[in-house]
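Engineer: Mind looking at a prediction? Sequence and model below.
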Amino acid sequence: MAIYHLSVKPISRSDGRSATAAAAYRSAGRIEDATTGQVFDYTRKRGVEHAEIVLPTEAAQRDINWPRDRTALWNAAEQAERRRDARVAREYEVALPCELSTPAQRLALTREFSLRLANRHGGAVDFAIHRPHREGDQRNWHAHILTTTRRVEPTGLGAKTDIELKDRDRSARGLTPARVELTAIRAEWAQLANAHLQALGHSERVDHRSLEAQGLEREPTSHKGPALTALERRGVEPEVNARQRWEEADRANDRLAQAAEAGRLEREADYLQRSILALDGDIQAARNQRDRVTTAAAAEPPIHRPQGEERLVILEPSRDRADPPEATEEHDLAY
């Protein structure tokens, strides 16, 4: 079954790496570094099915051929950089669909993608197709694709390719951020691999998107490598397998806990929603009662009260005594 894999790795001096060593190893060739005098000889290395250098179409049209010499190309890449932490190359590692069962089929896909990279950025591309490790998974055909960080010119390497520029400089040129460019490259590999699979009559397809973006709930698989695969083929279960199963069980438990929590939250949300609806009903009933009281009060006839003040005189009766009654007390009642 075809799988999707494309990783991008810098070849940087800050990591103690060189373009000459990387190119010699991946192509199973021999390169002498003109700057340091080191000779990187991997001609005895097995497992390289094909290695080739691809140039931009424009360079071919201008009859620029010097970069087709691997030693000249990667020495030029080293000599073009002055910084001690410079990036001297960029590597794309891709998994070739195992359904491409012949060397010609694998070469056609890798070559076309390499040419697209060369035309996209204007640099030289040096690719090598590697066979599966003899003790590993025999479906693990893959390619290492080295690209220069500078554009190909008639007499050497020129300005930095666009993908190597900082986002600020890319923006000034009307280009998207580098991460968007890399996403586009990942999508282009998937599209190209699927086109080759379809042309050969295979129904399998690859997808550059994450499992979440594809709407798939399965967990991503872990890369085991040839050493672990070899142990499994001999019936030995490595400790890492048990650890992976534990991790998968933990992830399954986490998903169950999340589902349970989601169910609890859903029930609480339903209860709150019903409570809100009940409160809305009480509030509306209170408003209706208020409106009825207001309407009834407005319908009652007005009460007319007399103008001014009324005076009420209270006379206390005389008592049986000789003295005349005292003066009358007057009480004012005001309304």
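Structural biologist: Nice, I can see it.

Engineer: Residue 162 contacts residue 117, doesn't it?
Structural biologist: No. The criterion here is Cβ atoms under 8 Å, and residue 162 misses it with residue 117 at 11.9 Å. Where C-beta positions appear, they are placed from N, C-alpha and C, glycine not excepted.

Engineer: Specify which residue of those two has the higher count of neighbours.
Structural biologist: Shown here are residue 162 and residue 117; by other Cβ atoms under 10 Å, residue 117 has more neighbours (24 against 17).

Engineer: now stretch 176-188, how far from the centre of its chain.
Structural biologist: Relative to the centre of its chain, stretch 176-188 is centred 11 Å away, using Cα atoms, centre = their mean, to the nearest Å.

Engineer: For the nearest residue to residue 112 once chain neighbours are set aside, give its distance to residue 118.
Structural biologist: Computed as Cβ to Cβ, 6 or more residues apart in numbering, the closest residue to residue 112 that is not its neighbour in sequence is residue 192, at 6.3 Å. Residue 192 is 14 Å from residue 118, where distance means Cβ to Cβ, to the nearest Å.

Engineer: which of those two has more neighbours?
Structural biologist: Set side by side, residue 192 and residue 118 show more neighbours around residue 118, with 24 against 17, by other Cβ under 10 Å.

Engineer: what stretches of the stretch 101-250 of the chain score poorly on pLDDT?
Structural biologist: The stretch 101-250 of the chain contains residues with pLDDT under 70 at 211-250.

Engineer: Go again with 50.
Structural biologist: Across the stretch 101-250 of the chain, the ranges flagged by pLDDT under 50 are 237.

Engineer: Now do the strands in it.
Structural biologist: Using DSSP state E, counting those that start in this stretch, the strands of the stretch 101-250 of the chain run over 125-130, 142-147, 150-153, 156-160.

Engineer: Just give the strands next to the second one in its sheet, each with its orientation.
Structural biologist: In the sheet containing strand 142-147, its partner strands are strand 87-95 (antiparallel), strand 125-130 (antiparallel), by DSSP bridges.

Engineer: hey, which of those strands is tucked in deepest?
Structural biologist: Highest mean neighbour count of the strands paired with strand 142-147: strand 125-130, a mean of 25 (counted as mean count of other Cβ atoms under 10 Å).

Engineer: For that strand, output the C-alpha coordinates as CSV.
Structural biologist: Presented in CSV, the C-alpha positions along strand 125-130 are these (Å, rounded to 0.1, in the frame of the first residue of the first chain):
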residue,chain,number,x,y,z
VAL,A,125,19.0,19.0,-8.0
ASP,A,126,21.0,15.9,-7.3
PHE,A,127,18.8,12.9,-6.6
ALA,A,128,19.5,9.3,-5.7
ILE,A,129,17.0,6.4,-5.6
HIS,A,130,17.7,4.0,-2.7
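
Engineer: quick revisit: would you turn the strands of the stretch 101-250 of the chain into JSON lines with distance to residue 46?
Structural biologist: Below are the strands of the stretch 101-250 of the chain laid out as JSON lines (distance: least, Cβ to Cβ, whole Å):
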{"stretch": "strand 125-130", "distance to residue 46": "10"}
{"stretch": "strand 142-147", "distance to residue 46": "15"}
{"stretch": "strand 150-153", "distance to residue 46": "31"}
{"stretch": "strand 156-160", "distance to residue 46": "31"}
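
Engineer: Out of these, which is closest to residue 9?
Structural biologist: Among the strands of the stretch 101-250 of the chain, strand 142-147 comes nearest to residue 9, with 9.5 Å by Cβ to Cβ.

Engineer: May I see the buried residues of stretch 133-145?
Structural biologist: Going by neighbour count (16 or more other Cβ atoms under 10 Å), the buried part of stretch 133-145 is 133, 136-137, 140-145.

Engineer: any idea which of these is closest to residue 14?
Structural biologist: residue 144 (20.6 Å).

Engineer: Next, work out how far apart the most centrally placed residue in the chain and residue 177 are.
Structural biologist: Closest residue to the average C-alpha location of the chain: residue 210 at 7.9 Å, with Cα atoms, centre = their mean. Going from residue 210 to residue 177 by Cβ to Cβ gives 19 Å.

Engineer: Then residue 198?
Structural biologist: Residue 198 is 32 Å from residue 177, by Cβ to Cβ.

Engineer: No further questions, thank you.
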